[in-house]
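> Sequence first, then the predicted structure:
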Amino acid sequence: MSVIKPRTRGKQFIQHRTRLDRENLETLYAYAAFLDETPEYVLNELIDTVLAKDKDFIKWRSAHPQSCAPRPSPPPTELRDERTASGTVSDSAARTAVSPASTPAERVS
């Protein structure tokens, strides 16, 4: 009889990347093959079953109900090119351009 219960539906999944010891990775995939399930399912069930038995953790978690998961990083913002669709520099970009007379070498007179 397997330790992990049958799959249930209706859970929301979040992608998480991590590193495992080589032996744990092999065991994870072997157990997933034994159950004819995915490694992700096995990991989720292990967390549900093993941590549910940790009385100290259950007590701590009830005192700390807030999320402990890191917040997702916002997507990086792209630098916008101030060119128009025709490929020419827009008026606002042209006004902010440095004129040759304002270079540091010419200001030192």
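The structure has been received and is ready for your questions.
> Can you give the contact residues for stretch 31-44?
For stretch 31-44, contacts defined as C-beta atoms under 8 Å, 6 or more residues apart in numbering pick out Ser2, Ile4, Arg7, Lys11, Phe13, Leu28, Tyr29. C-beta coordinates here come from the backbone N, C-alpha and C atoms, glycine included.
> Kindly export it (C-alpha atoms) in PDB.
Extracted C-alpha coordinates of stretch 31-44, given in PDB (Å, rounded to 0.1, in the frame of the first residue of the first chain):
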ATOM      1  CA  TYR A  31       8.200   6.700  -6.500                       C
ATOM      2  CA  ALA A  32       6.400   8.700  -9.200                       C
ATOM      3  CA  ALA A  33       6.800   5.800 -11.600                       C
ATOM      4  CA  PHE A  34       5.600   3.400  -8.800                       C
ATOM      5  CA  LEU A  35       2.400   5.400  -8.500                       C
ATOM      6  CA  ASP A  36       2.100   6.200 -12.200                       C
ATOM      7  CA  GLU A  37       2.000   9.900 -11.200                       C
ATOM      8  CA  THR A  38       4.100  12.900 -11.900                       C
ATOM      9  CA  PRO A  39       7.100  14.000  -9.600                       C
ATOM     10  CA  GLU A  40       5.200  17.200  -8.900                       C
ATOM     11  CA  TYR A  41       2.300  15.300  -7.500                       C
ATOM     12  CA  VAL A  42       4.600  13.200  -5.300                       C
ATOM     13  CA  LEU A  43       6.300  16.300  -3.900                       C
ATOM     14  CA  ASN A  44       2.900  18.000  -3.100                       C
END
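> Buried ones in it, by neighbour count?
Tyr31, Ala32, Leu35, Glu37, Val42, Leu43, Asn44 (16 or more other C-beta atoms under 10 Å).
> Tabulate these in CSV, adding columns for pLDDT, distance to Ile58 and secondary structure.
Listed next are these as CSV, based on pLDDT from 0 to 100; distance: C-beta to C-beta, whole Å; DSSP: H, G, I helix; E, B strand; the rest coil:
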residue, pLDDT, distance to Ile58, secondary structure
Tyr31, 95, 25, helix
Ala32, 94, 27, helix
Leu35, 92, 26, helix
Glu37, 92, 26, coil
Val42, 94, 22, helix
Leu43, 94, 20, helix
Asn44, 91, 18, helix
